[in-house]
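Colleague: sequence first, then the predicted structure:
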Amino acid sequence: MKKGEIFELDIIGFDFKGEGYGEIDGERYFVKGAIPYEKLKVRFVKSKGGRKICKRVGILNKSHIEISPSCDKFGECGGCTYLNISYEDQIKLKEEALRDLLNEINYDSFLGILKSPKEFEYRNKMEFSFGDEFRGGPLELGLHKKGNPFGVVPTYNCKLISEDFRKIMRSTVEYFREIGAEPYKLKTHKGYLRNLVLREGKEEILLSIVTSSQNDMDFREFKDRILSLNLKKSIGGIVHIVSDSLSDAVNPSKIEIIYGNDFVYEEIFELKFKINTFSFFQTNTEGVKVLYNEVKNRVGNPNGTILDLYSGVGTIGQVLSKNNKVIGVEIVEDAVKMAKENAKLNNLCCEFICGDVSQVVKDIKDKISFIVVDPPRAGIGAKGVKNICKFDVENIVYVSCNPQTLRDDLKEFLNNGYKVNNIQAVDMFPNTYHVETVVLMSRVEK
């Protein structure tokens, strides 16, 4: 296929990069935003990393599974990918895509995909950006435009968040418009307002305003405005974070508590977890109960110590620690500190170590009876898998947020004396292409 060539393409599936694909002569051609069963006219753009990338030119036949999206910003913002597909069809497509991706893996059983308890309003954390929708336009607050880190789509009616979050968003942007505050511009690195980060716990909401250091604002009036809102949950804390990062990432140089606390509490299986703005904590509270229940069922009650790798703020380890000692390993120092606080809060027998998993596991002397791994999107890698397998435990549970790196890591486990017993997907992120997967592995008898 030559660059720029235009041709017709029947979309037959999608992958976990948010791209639909069709096949010609046994080769796959990918189109961003395409959905299965539609027929497109596309232009071949390039080959990249073994993928043939195309751009949509026109729609010849609409997909029979396409529905009208429930959000007027769908297609503009990058929050949702499949709001134009019914939830039932999303589940089917994710299962098909996961089976297709893992077809090289030899496993005993694939158990399908469990639905999220909530299709909408499931996110307990959201990071919004200040900016303008068009050059010279009014101050807005929302998500970035698809493929454009500089533009902001106002998302005051976002379907992924609660009405409390939506009320706070509207009130926040109205206040800062009134006082004439300027948004921070990534291109010029000038301006003040950067992000609004909202996080909710069981009963309270934590609000964080992220700014540059290019101004010195008194937030007392803003605090009073937020506290006057009629919300279902109470405001547990309002925090001002200063970040002069040249990228869009929040990299705090100063944190000031304007009101209340800089944390909230969440509960899972009657355990209490203290989390702050930056804590890694699953963003679907009801969904995580489904996910962790699958982990619990696979771990059972092993006789001995459980090793919890990439432990974050200690959620999985503490869920498993009722009858067992747990050792957690996590590289983020703040997360380890919070994990220790949470273990003390719940009166649990847990030890948390700060360090790189691939290095720390070599120094653990305890007799380990079971291992649970929940790595970041980058996965574990060949070296890490090899070190984990040296513990020679009978069973390992792998919790994955990235099917591509899961596939690669499972190949390494298979090469190091383990087999895959079963695979269970859990849909933690409705209306997006993301999915969580729980895999049970067992040691092959020598």
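Modeller: Alright, I've got the coordinates.
Colleague: hmm, Ile53 is touching Lys46, no?
Modeller: Yes. Taking CB atoms under 8 Å as the definition, Ile53 is a contact partner of Lys46 at 5.4 Å. (Each C-beta comes from the backbone N, C-alpha and C, glycine too.)
Colleague: quick one: buried residues of the helix or strand of the chain with the lowest mean pLDDT?
Modeller: Lowest on mean pLDDT, DSSP states H and E among the helices and strands of the chain sits strand 148-154, with a mean of 84. Across strand 148-154, burial judged by 16 or more other CB atoms under 10 Å covers 151-154.
Colleague: quickly run through the sheet partners of that strand, with directions.
Modeller: strand 140-145 (antiparallel) (DSSP bridges).
Colleague: distance between the partner strand and the chain's centre?
Modeller: 18 Å (CA atoms, centre = their mean, to the nearest Å).
Colleague: which residues are contacting it?
Modeller: Identification of contacts with strand 140-145 by CB atoms under 8 Å, 6 or more residues apart in numbering yields 73, 76-79, 128-133, 150-156, 158, 169, 172-173, 196, 248.
Colleague: and the strands in the stretch 151-300 of the chain, which stretches?
Modeller: 193-200, 204-211, 234-243, 252-260, 263-268, 271-276 (DSSP state E, counting those that start in this stretch).
Colleague: could you say what helices and strands the second one packs with?
Modeller: In terms of contacts (3 or more CB pairs under 8 Å, 6 or more residues apart in numbering; DSSP states H and E), strand 204-211 is packed against helix 163-178, strand 193-200, strand 234-243, strand 263-268.
Colleague: likewise the third one?
Modeller: The contact analysis (3+ CB pairs under 8 Å, 6+ apart) places strand 234-243 against strand 204-211, helix 220-227, strand 252-260, strand 263-268.
Colleague: got the angle for the least confident helix or strand of the chain vs helix 163-178?
Modeller: Angle of strand 148-154 versus helix 163-178, following axes from the mean of the first three to the mean of the last three CA atoms, to 10 degrees, is 100 degrees.
Colleague: how far does strand 148-154 sit from the chain's center?
Modeller: Remark: strand 148-154 is offset 20 Å from the chain centroid, using CA atoms, centre = their mean.
Colleague: and what of stretch 327-336?
Modeller: With CA atoms, centre = their mean, you get 18 Å for stretch 327-336.
Colleague: now do stretch 227-245
Modeller: 22 Å.
Colleague: restrict stretch 157-176 to CA atoms and write it as PDB.
Modeller: The C-alpha coordinates for stretch 157-176 follow below in PDB (Å, rounded to 0.1, in the frame of the first residue of the first chain):
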ATOM      1  CA  ASN A 157     -22.000  17.800  31.700                       C
ATOM      2  CA  CYS A 158     -19.400  15.000  31.700                       C
ATOM      3  CA  LYS A 159     -21.100  11.600  32.000                       C
ATOM      4  CA  LEU A 160     -18.200   9.900  33.800                       C
ATOM      5  CA  ILE A 161     -18.400  12.000  37.000                       C
ATOM      6  CA  SER A 162     -21.000  12.700  39.700                       C
ATOM      7  CA  GLU A 163     -23.300  15.700  39.800                       C
ATOM      8  CA  ASP A 164     -21.200  17.000  42.800                       C
ATOM      9  CA  PHE A 165     -18.200  17.100  40.600                       C
ATOM     10  CA  ARG A 166     -20.100  18.900  37.800                       C
ATOM     11  CA  LYS A 167     -21.400  21.500  40.300                       C
ATOM     12  CA  ILE A 168     -17.900  22.100  41.600                       C
ATOM     13  CA  MET A 169     -16.600  22.500  38.000                       C
ATOM     14  CA  ARG A 170     -19.200  25.100  37.100                       C
ATOM     15  CA  SER A 171     -18.800  27.100  40.300                       C
ATOM     16  CA  THR A 172     -15.000  27.000  39.900                       C
ATOM     17  CA  VAL A 173     -14.900  28.300  36.400                       C
ATOM     18  CA  GLU A 174     -17.500  31.000  37.100                       C
ATOM     19  CA  TYR A 175     -15.500  32.300  40.100                       C
ATOM     20  CA  PHE A 176     -12.200  32.600  38.200                       C
END
